[in-house]
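Enquirer: Turn this into a model:
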Amino acid sequence: MAIRARHSKKWKFAVVIPFGLLLACGCAQAGDQPSRENIPSSEGARLFMQRCASCHEGVNDRAPRVEALGMMSPKKVYAALTTGPMVAMATGLSDVEKKTLVEYLTGQDIDRVSKPYPQVQCKNGSPWFDYARHPRASGWGIADTTNTRFIPAAVAQLPASDVGRLKLKWAFSFPNTFSPRSQPAVAGGAVFVGDNAGNLYALDAKTGCVHWTTPVENQIRTAFSVTDWAGDRGRSSAHAPTLYFGDGSVHTYAVNAVTGKVRWKTKIDDHPFARLTGAPTLQQSKQGNRLYVPVSSNETMMSPNPQYPCCTFRGSVTALDAETGEVIWKTYVIPTAPTERSRGAGIPHFGPSGAGVWDSPTLDEKRGRLYVGTGENHVSPVENGGAVVALGLSDGAITWVKQIYAGETYNESCAEGDHWNCPPEYKGRMGLDVSASPLLLRANDGKDILVAANKPGDVLGLDPDQEGKILWRRRISRGDYNWGVLFGMAVEGRTVFAGVHNKYSTNFDRGPYWGEEELGLYAMDGFTGEPIWTAPVSRDCHQPRCQGYAAALTAIPGVVFAGAKDGYFRAFDSATGKLIWEFNTAQTFQSLNGQPAHGGALNGPGAVVVDGMVFLNSGYPDGGFSNLTGNVFLAFSVDGK
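Expert: Next up is the predicted model:
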C-alpha cells in the first residue's frame, strides 16, 4: 500500500496519508465484527488518519476541522458515515470500526449520549400564527428576489440612529450540534431557522420560545423562503403558508409554516457528492409558484486520490412546481456530459465536470431570466466554470455565459507537490468560484446592471442585455490568503458593499486600499465600480489577530452589517464606512433553556433585520483553518427590549 506524505510550502504541516485506503476496504473485512472492548484506544486515531485526515486535517477548507467534529453529536457523525456524505470514505469499515471512529472524534460513547436540556416551549392556546404579519424576511435576498440583501425601512423598522443601542435580547441554543449555517425567515410573528443536526424550528420572534420543531434528513444550511397570503386565514386552512428550503443530502422541502408538517420532499440530484448549499429561490405568480434550486458539490476533495475516477459531477439548476414538488425542468450549467478522457494506473479520468452552483439564483422577471454563479471546473476540458450564467425562466435554456477567468480551472490536487490530477488549465489561481449570488441593480432609465464577484476578489459590472458584457471590473483582494467575496454582497441605492476576508485564520496580511487589498469592507458605485469608501479591519480590530468579513452582508437604510470570521459583528455607516456598533459573538451565552450556548465565527448567512430586531447565527467557520465553531442563534433589539 502506497504511503504518501503531504507537504506544502503554503500550508505549514505534513500529514502522512495512506491514500489507498480512502475508498478501499479497511483493515476489518466484510463480516468481521470484533467486539468494541477488544479495540485499543489508538484504533480511533489510526482510522482517522487512514480515512479522514486528508480532508479534515489537510488542505480542504470545506471539511470541518477536528475541533468542529468534536462538537458534533456522535449520532450525527455516525449518520454521516453510514447514510450521509462520508459513506464513500467509510467503505469497508465494519460497524464497530465506524463507532470507534465516531467516539474518537467526539469523545462520547455513541450509545450513551447525554440528552440536551428541553427547549422552552411556547404556550400555544389560540392559533399562534399571526396572519396579520405577512412575510417580512424571506429567501436569501431577504426582501427581494434580486438578491440585493437590502431591507427597506418599513421592514427593518430600525433607524440608523438606534443601531448603536442594540443589545442582546435572547439566545437560543441548538442542541448536539455545531456550526449553524441557515439564514432565517420571519413571518406570522415567528422566526424560522434550522441547524446542522437537521432540525427546523419555528421560534417566537419576540421571546425565542419554540412553537414547533421538525426533523429532516440532513443538515439545513440554506435560507428559507415563505409564501405570502391574501387576507386573514385560520390555522386549520389547507392553504396555510409554506416554508421552502434544502438540506445537505440534496432534498428540497415544503413545510406547513403553521404546523411544521412536511408537505412534500423532492431529491434534486443523485450524484454521491452533490450538495445543496445555495437557497432555493421562490417565484410567486398568478400562473403558479415555482422554486429554482441550485446544486453544488464537494467532489473536488476526492481529486488528490489517484484511485478515485475523477470527476463526474456537474452543477445544475432545477425548477420545481412549488405546490407539488414536481420537476418542471433541470439544466446542467455544463451542457456536455462527462466522458472518459484519459486513464492512469487503470483508473479512468472523466470530464468536463464541476461548476457547482453554490449561490441562490437571482430572478429577472423583466427579461424572463435567472442568473447564477458557478464554481470552478474540476478537470479538463473547461466549460462554464467560474462564471455568471443566464438561464431562461420558462425552460432553463442557457442564454449566455460570462467566465471571469476564461479557460482556467482548479481542483484540490493542484495543492499537492506532484499535481498528479491537476488539470493543465490550472494557472496558479485557486477558488475561481462565483460563490455569491449576482446582484441585479435596477436603473431608472432601464439600463440595469448585474454585479458579480468571485473568491479571488474580482467585482464586476455586467450588462444583462449584452450577454454579460463586462462594463467595469475592480479587484479588491489578492486572492491568496486574502480572499474576496465568499457568501454575499449587499446594496443600498447604487452603492455595492463587498468584503475581504482571510482564507486561513493564521494570517493577517495588509495591503494598500483599492489595489492589493487588506481585510475589510469596501463600498463602490454599482454602476461604475468607482471606490466610495473602505473600512479596513485593522482600523476597528481589538485583538492580536483580526479576521475579515466572510459572512453575507446585510444593508438597511443608512447601515451595513458585516460579520467577521473572528466572531465580531459590526455595523457601519453606509455613507462613510464609520463604525457605529460592534458585538463579540465568539463567547458563551446563557440560552433560554438554561443550557450554555457558544458563539464563534461569523460566516455563511448574514443578519436579518425585521421589526426592530436583528437575528444572527454564530459559529460557522466554513470548515477552514479555524476552530471557532458554535451553536447559538442570537436576537438583538434596541436596549434589549
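Enquirer: make it CA atoms for all contacts and neighbour counts henceforth
Expert: OK.
Enquirer: what packs against the host helix or strand of E582?
Expert: For E582, the element it lies in under DSSP states H and E is strand 579-584. Strand 579-584 sits against strand 568-573, with contacts defined as 3 or more C-alpha pairs under 8 Å, 6 or more residues apart in numbering; DSSP states H and E.
Enquirer: which helices and strands sit right next to the strand it packs on?
Expert: Against strand 568-573 (3+ C-alpha pairs under 8 Å, 6+ apart) you get strand 559-563, strand 579-584.
Enquirer: Run the angle between the longest one and strand 568-573 for me.
Expert: Pointing back at strand 579-584 there. Put simply, strand 579-584 runs at 170 degrees to strand 568-573, going by axes from the mean of the first three to the mean of the last three C-alpha atoms, to 10 degrees.
Enquirer: what's the offset of strand 579-584 from the middle of its chain?
Expert: Here the centre of strand 579-584 is set off from its chain's centre by 24 Å, with C-alpha atoms, centre = their mean, to the nearest Å.
Enquirer: Next, the buried residues of that strand.
Expert: Buried residues in strand 579-584, counting neighbours by 16 or more other C-alpha atoms under 10 Å, are found at L579, I580, E582.
Enquirer: Kindly report the same for stretch 160-179.
Expert: Within stretch 160-179, the residues that count as buried by 16+ other C-alpha under 10 Å are 160, 163, 166-179.
Enquirer: farthest-separated two in these?
Expert: Largest separation among the buried residues of stretch 160-179 by C-alpha to C-alpha: A160 and N176, giving 36.8 Å.
Enquirer: now Y244, which residues is it bridged with?
Expert: For Y244, the beta-bridge partners are S225, A254 (DSSP bridges).
Enquirer: mind listing what it touches?
Expert: By C-alpha atoms under 8 Å, 6 or more residues apart in numbering, Y244 lies in contact with F224, S225, V226, T252, Y253, A254, V255, P280, L282.
Enquirer: What is the nearest of these to S538?
Expert: Using C-alpha to C-alpha, F224 comes nearest to S538 of the contacts of Y244, at 34.2 Å.
Enquirer: From what I see, the closest one and A185 are in contact.
Expert: Yes. Counting by C-alpha atoms under 8 Å, F224 touches A185, with 5.5 Å between them.
Enquirer: shared neighbours of those two, which are they?
Expert: Common neighbours of F224 and A185 (C-alpha under 8 Å, 6+ apart) are S138, G139, F192, V193.
Enquirer: Surely the first one touches G188?
Expert: The reference is to S138. No. The criterion here is C-alpha under 8 Å, and S138 misses it with G188 at 11.9 Å.
Enquirer: Okay, and the beta partners of Q283?
Expert: The partner residues for Q283, given DSSP bridges, come to R290.
Enquirer: burial count for it?
Expert: Residues within reach of Q283, counting by other C-alpha atoms under 10 Å, total 16.
Enquirer: is it true that it touches N289?
Expert: Yes. Applying C-alpha under 8 Å as the test, Q283 and N289 come out as touching, 5.6 Å apart.
Enquirer: who's more crowded, F224 and A185?
Expert: Using other C-alpha under 10 Å as the criterion, F224 and A185 rank with F224 on top: 28 against 25.
Enquirer: gap between the more buried one and S249?
Expert: F224 is 16 Å from S249, where distance means C-alpha to C-alpha, to the nearest Å.
Enquirer: For the helix or strand hosting L320, buried residues please.
Expert: Using DSSP H and E, L320 maps to strand 316-321. By neighbour count on 16+ other C-alpha under 10 Å, the buried set for strand 316-321 is S316, V317, T318, A319, L320.
Enquirer: Excluding chain neighbours, what is closest to the last one?
Expert: So that's L320. V327 (4.6 Å; C-alpha to C-alpha, 6 or more residues apart in numbering).
Enquirer: what comes up buried for the longest helix seen in the chain?
Expert: Identified as the longest helix of the chain according to DSSP state H is helix 95-106. For helix 95-106, burial by neighbour count (16+ other C-alpha under 10 Å) applies to D95, V96, E97, K98, K99, T100, L101, V102, E103, Y104, L105, T106.
Enquirer: can you put these in JSON lines and add distance to N411 and pLDDT?
Expert: Output for these, formatted as JSON lines (distance: C-alpha to C-alpha, whole Å; pLDDT from 0 to 100):
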{"residue": "D95", "distance to N411": "32", "pLDDT": "85"}
{"residue": "V96", "distance to N411": "34", "pLDDT": "86"}
{"residue": "E97", "distance to N411": "30", "pLDDT": "85"}
{"residue": "K98", "distance to N411": "28", "pLDDT": "84"}
{"residue": "K99", "distance to N411": "31", "pLDDT": "83"}
{"residue": "T100", "distance to N411": "31", "pLDDT": "83"}
{"residue": "L101", "distance to N411": "28", "pLDDT": "84"}
{"residue": "V102", "distance to N411": "28", "pLDDT": "81"}
{"residue": "E103", "distance to N411": "31", "pLDDT": "80"}
{"residue": "Y104", "distance to N411": "30", "pLDDT": "80"}
{"residue": "L105", "distance to N411": "27", "pLDDT": "78"}
{"residue": "T106", "distance to N411": "30", "pLDDT": "74"}
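Enquirer: ok, those residues vs K469, which is closest?
Expert: Distances from K469 to the buried residues of helix 95-106, taken by C-alpha to C-alpha, are shortest for L105, at 49.3 Å.
Enquirer: coming back round to it: of S138 and G188, give the one with the bigger neighbour count.
Expert: Per other C-alpha under 10 Å, whichever of S138 and G188 has more neighbours is S138, with 27 against 19.
Enquirer: ok, now which ones touch the more buried one?
Expert: Contacts for S138 were tallied using C-alpha under 8 Å, 6+ apart; they are D144, P184, A185, V186, A223, F224, S225, V226.
Enquirer: Over to L602?
Expert: So, once contact is read as C-alpha under 8 Å, 6+ apart, L602 ends up touching 550-551, 563-569, 617-621.
Enquirer: Give me the buried entries from these.
Expert: 550-551, 563-569, 617-621.
Enquirer: need the contact list for the residue nearest to G604 when sequence neighbours are not counted.
Expert: Distances taken as C-alpha to C-alpha, 6+ apart place A551 nearest to G604, at 4.7 Å, with adjacent residues excluded. Contacts for A551 (C-alpha under 8 Å, 6+ apart) come out as L486, F487, G488, A562, G563, A564, K565, L602, N603, G604, P605, G606.
Enquirer: Specify the local secondary structure of the first one.
Expert: If I follow you right, that is L486. coil (DSSP: H, G, I helix; E, B strand; the rest coil).
Enquirer: and it, how many neighbours does it have?
Expert: 29.
Enquirer: likewise the last one?
Expert: The tally of other residues near G606 (other C-alpha under 10 Å) stands at 31.
Enquirer: Which neighbouring residues are in contact with it, exactly?
Expert: Q183, A551, A552, L553, T554, A562, G563, L616, N617.
Enquirer: Is the third one in a helix, a strand, or coil?
Expert: Which is A552. coil.
Enquirer: What distance do you get for it to H542?
Expert: 22 Å.
Enquirer: Could you check which of these two has the larger neighbour count?
Expert: A552 (27 against 10).
Enquirer: Got the phi and psi for that one?
Expert: Backbone dihedrals for A552, given as degrees, to the nearest 10, come out at phi -60, psi 140.
Enquirer: switch to numbering from 14
Expert: Okay, residue one is now 14; in that scheme the one you just asked about reads as A565.
Enquirer: Let me see the contact set for it.
Expert: Residues counted as contacts of A565 (C-alpha under 8 Å, 6+ apart) are L499, F500, G501, M502, A503, A575, G576, N616, G617, P618, G619, A620.
Enquirer: Kindly recompute the last result at 7 Å.
Expert: F500, G501, M502, G617, P618, G619 (C-alpha atoms under 7 Å, 6 or more residues apart in numbering).
Enquirer: got JSON lines for those residues, with distance to L216 and pLDDT too?
Expert: Listed next are these as JSON lines, based on distance: C-alpha to C-alpha, whole Å; pLDDT from 0 to 100:
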{"residue": "F500", "distance to L216": "25", "pLDDT": "93"}
{"residue": "G501", "distance to L216": "25", "pLDDT": "94"}
{"residue": "M502", "distance to L216": "27", "pLDDT": "97"}
{"residue": "G617", "distance to L216": "21", "pLDDT": "91"}
{"residue": "P618", "distance to L216": "18", "pLDDT": "93"}
{"residue": "G619", "distance to L216": "18", "pLDDT": "96"}
